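Please work out how this folds:
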Amino acid sequence: MQQITEVLLRHGMGYVAAQLGLPLPRRIQPAAPPPETAAARVRAVLEDLGPTFIKLGQILSTRADILPAEWVEELSRLQDQVAPFPMDQVRAQIEAELGAPLETLFRWFDPEPIAAASVGQVHRAELMDGMQVVVKVQRPGLVDEVEGDLAVLTEIARLAEGRTAWGKVYSFTELVDHLAREMRAQLDYTVEGRHAEHVREVLADDPDVIVPAVYWTYTTPRVLTMEYIEGEKLSDVIARCPPLEERRRLALLLARAMTRQALRDGVYHADPHPGNLLVTLDGRLVFTDFGLVGFLDEPLRDALIGLVMGIIERDVTGMSLALQDLGVLTRPVPQRALQRDLQRLLQQYYEIPLSQISIGQTLQQMLSLAIKYGVQVPPELGQLSRTLITLEGVVRQLDPDLSLMEIAEPVAVELRRERFSMERISRELRRNAIITARLLDQLPTRLQVLLQRLEEGRLPVIIEQGDLDRNLPQIGRLVNRLAAALVISSTLLTAGVLLGLGAAPTWKEVSLPGLVGLLLGSLGGAWLMWSILRSGRL
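Next up is the predicted model:
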């Protein structure tokens, strides 16, 4: 705690220590004039506090769902550069993890690391069968150090929530718990290995993109061994500025691979900066370092596709619906107010060509709007927006005229078409039929409990007399609509079961009775909605 207090004071943030009730020394000399902005001061504090806090700051920089854009940008600049640890510690760590002498594991092992960071460092090596590999070795004692730092951070979060308004607003204890889980996952190299394999499977059908293979025999939570692929760092390629045609080809490769990963498959490399990308001699793109990988489930991907299409088509209603599908609604959403705000947002882009719209910044604006209207946005979307901003920066370095939005458009159009394909609808109907079958299975028991409570007089029902006679016609219409809705629902449910079972006769493997039932149920639903809308009482 004393070290944290001293660092806060050095960077002009003594007021934070005072608010938390930390003991303040009488005098301390600042190391340098504090940066001007609060975000820059926080970044400087984290860099001074060491590896754990740097890594936590980097994780926090992916949370665009809770942090303003300037904070995300500032925390993204955190420097993770430390001196490599000596070869005797590398040897001890590998032998302890793999359970054998280094000489029996590798024919050759380079004592000089090719990269070093606060968590670990990377060495080239050769397996006994001649396979060239890279070995990532975790810094010895790091887990204990991190756990100690996390305990301190948890105590600070508790103090912040108890003593400050900003601690309560941002739910610091919950936030630190989330960051701690992320940090522990990044300290387990088997998790990183599984991430790499997942992305490798996703990109297996792209001959121009490579993800190195993982050698699980030589991988543990503290040691990760992967295939070595010869290539030039993309940052070096950008620095030597090859012809525009080559840069445009690489930009397209990267953008298409990332867009497909995120929107189609829901798993993507979440840190695509030029240092994590290689270009092989034959021009293929190589993804490396899978410590940060993002995941998007199917409902989130559907909502994102709807949002992208809404921006492209300038469809405020579609954007409004997609925005509400991004998370959990914590309160009723005033639709007209939301659509007015979306309209104002879209007006910024009316005179701008699609190629000049930043998809990452637009997503950040959308997330801020969603939060304003009580949508509890999942952290996966904050990570995605930060990844997209990083990706757009790399793409524009390669080709300033290339737009990520233009590349995302055909992918989104194709995926939206798939979303409404008969195969997808049939799959969802099967899934819903299973859920409904479970509900129907439980229905008799629940009805029995309900009727028993009713008989025993333990089911309170509040009825206000009011103008009952005058309202009887409306009640009659309501009952009729409920009856119609039940019939339509039953028809759709039966159709879903028939489609799911593939009941004969079939056409192109689709049940014709199920298809007819789906059509009749849909027409009935449309008629019911039309009658309600015509009455003016939705």
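
Could you use CA atoms for every contact and neighbour count after this?
OK.

OK, contacts around the residue nearest the centre of the chain?
Residue closest to the average C-alpha location in the chain (Cα atoms, centre = their mean): Glu380, at 2.2 Å. With contacts defined as Cα atoms under 8 Å, 6 or more residues apart in numbering, Glu380 is in contact with 294-296.

I'd like to know how far it sits from Gly120.
Here Glu380 is placed at a distance of 26 Å from Gly120 (Cα to Cα, to the nearest Å).

And Asp289, by the same measure?
Here the criterion is Cα to Cα. By it, Asp289 lies 12 Å from Gly120.

Just the CA atoms of stretch 242-249, as CSV, please.
In CSV, the C-alpha atoms belonging to stretch 242-249 read as follows (Å, rounded to 0.1, in the frame of the first residue of the first chain):
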residue,chain,number,x,y,z
PRO,A,242,6.8,-1.7,-50.2
PRO,A,243,4.8,-0.8,-53.4
LEU,A,244,1.2,0.2,-52.8
GLU,A,245,-0.1,-2.9,-54.6
GLU,A,246,1.7,-5.2,-52.0
ARG,A,247,0.5,-3.1,-49.1
ARG,A,248,-3.1,-3.1,-50.3
ARG,A,249,-3.0,-6.9,-50.7
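
Under a three-state scheme, what state does the residue nearest to the centre of the chain occupy?
Classification of Glu380 by DSSP: H, G, I helix; E, B strand; the rest coil places it in helix.

Quick check: pLDDT value at it.
At Glu380, the predicted lDDT confidence score is 84.

now the one 3 residues further on
On the pLDDT scale, Gln383 is placed at 84.

right, and it touches Gly294 too?
Yes: contact status for Gln383 versus Gly294: in contact at 7.1 Å, counting by Cα atoms under 8 Å.

Between these two, which has more neighbouring residues?
Set side by side, Gln383 and Gly294 give different neighbour counts by other Cα atoms under 10 Å, the larger being at Gln383 (23 against 19).

Please settle this for me: is the more buried one part of a helix?
Yes: the assignment for Gln383, made by three-state DSSP, places it in a helix.

Looking at the contacts of Glu380, which are in strands?
Secondary structure assignment (DSSP state E) places 294-295 from the contacts of Glu380 within strands.

Strands of the stretch 51-200 of the chain, start to end?
Applying DSSP state E, counting those that start in this stretch to the stretch 51-200 of the chain gives strands spanning 106-109, 115-116, 120-127, 132-138.

hmm, who's touching the third one?
It stands for strand 120-127. Contacts made with strand 120-127 from outside it, assessed by Cα under 8 Å, 6+ apart, are listed as 84, 105-116, 132-139, 228.

Buried by neighbour count, from the residues you listed: which ones?
Buried residues within the contacts of strand 120-127, counting neighbours by 16 or more other Cα atoms under 10 Å: 84, 105-106, 108-109, 113, 116, 132-139, 228.

What is the lowest-pLDDT residue among the residues you listed?
The lowest pLDDT within the buried ones among the contacts of strand 120-127 belongs to Ala116, which sits at 87.

what is it paired to in the beta sheet?
The residues listed as beta-bridge partners of Ala116 by DSSP bridges are Gln121.

That one against Lys136, yeah?
No: with contact defined as Cα under 8 Å, Ala116 and Lys136 do not form a contacting pair (9.4 Å).

tell me which of the contacts of Glu380 is nearest to Ile94?
Using Cα to Cα, Gly294 is the member of the contacts of Glu380 that lies nearest Ile94, at 28.6 Å.

is that closest one in a bridge, and if so with what?
In this entry, Gly294 is beta-bridged to Tyr268, by DSSP bridges.

which residues does it contact?
Under the criterion of Cα under 8 Å, 6+ apart, the contact list for Gly294 reads 266-270, 380, 383-384.

Name the member of these with the most neighbours.
The most crowded member of the contacts of Gly294 is Tyr268, carrying 29 neighbours; neighbours defined as other Cα under 10 Å.

any weak-confidence spans in the stretch 101-250 of the chain?
Segments of the stretch 101-250 of the chain classed as low confidence (criterion: pLDDT under 70) are 166-171.

how about the CA coordinates for stretch 377-395, as PDB?
These are the backbone C-alpha positions of stretch 377-395, laid out as PDB (Å, rounded to 0.1, in the frame of the first residue of the first chain):
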ATOM      1  CA  VAL A 377     -23.500  -4.200 -22.600                       C
ATOM      2  CA  PRO A 378     -21.300  -7.300 -22.200                       C
ATOM      3  CA  PRO A 379     -17.500  -6.700 -22.000                       C
ATOM      4  CA  GLU A 380     -16.900  -8.700 -25.200                       C
ATOM      5  CA  LEU A 381     -18.200  -5.700 -27.100                       C
ATOM      6  CA  GLY A 382     -15.800  -3.300 -25.500                       C
ATOM      7  CA  GLN A 383     -13.000  -5.600 -26.400                       C
ATOM      8  CA  LEU A 384     -14.300  -5.900 -30.000                       C
ATOM      9  CA  SER A 385     -14.400  -2.100 -30.400                       C
ATOM     10  CA  ARG A 386     -10.900  -1.700 -29.200                       C
ATOM     11  CA  THR A 387      -9.700  -4.500 -31.500                       C
ATOM     12  CA  LEU A 388     -11.500  -2.900 -34.500                       C
ATOM     13  CA  ILE A 389      -9.800   0.500 -33.800                       C
ATOM     14  CA  THR A 390      -6.400  -1.200 -33.600                       C
ATOM     15  CA  LEU A 391      -7.200  -3.100 -36.800                       C
ATOM     16  CA  GLU A 392      -8.300   0.000 -38.700                       C
ATOM     17  CA  GLY A 393      -5.100   1.800 -37.700                       C
ATOM     18  CA  VAL A 394      -3.000  -1.100 -39.100                       C
ATOM     19  CA  VAL A 395      -5.100  -1.200 -42.300                       C
END
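
buried residues in that stretch?
For stretch 377-395, burial by neighbour count (16+ other Cα under 10 Å) applies to 377-378, 380-395.

As a check, name the ranges of all strands in the stretch 301-450 of the chain.
Listed in chain order, the strands of the stretch 301-450 of the chain (DSSP E, counting those that start in this stretch) span residues 328-329, 375-376.

Of those, give the one that comes closest to Gly360.
That would be, of those and by Cα to Cα, strand 375-376, which comes in at 19.0 Å.

Give me the helices and strands touching the closest one, please.
strand 328-329 (3 or more Cα pairs under 8 Å, 6 or more residues apart in numbering; DSSP states H and E).

Low-confidence ranges, the stretch 301-450 of the chain, go.
Low-confidence regions of the stretch 301-450 of the chain, defined here as pLDDT under 70, cover residues 328, 350-351, 354-355, 420-425, 428-429, 432, 436-437, 439-440, 443.

which residue ranges form the helices in it?
316-325, 335-347, 359-372, 379-398, 404-419, 422-455 (DSSP state H, counting those that start in this stretch).

Of the ones you listed, which is nearest Arg158?
Closest approach to Arg158 among the helices of the stretch 301-450 of the chain (Cα to Cα): helix 379-398, 21.3 Å.

Report the angle between the closest one and helix 359-372.
Here helix 379-398 points in a direction 160 degrees away from that of helix 359-372 (axes from the mean of the first three to the mean of the last three Cα atoms, to 10 degrees).
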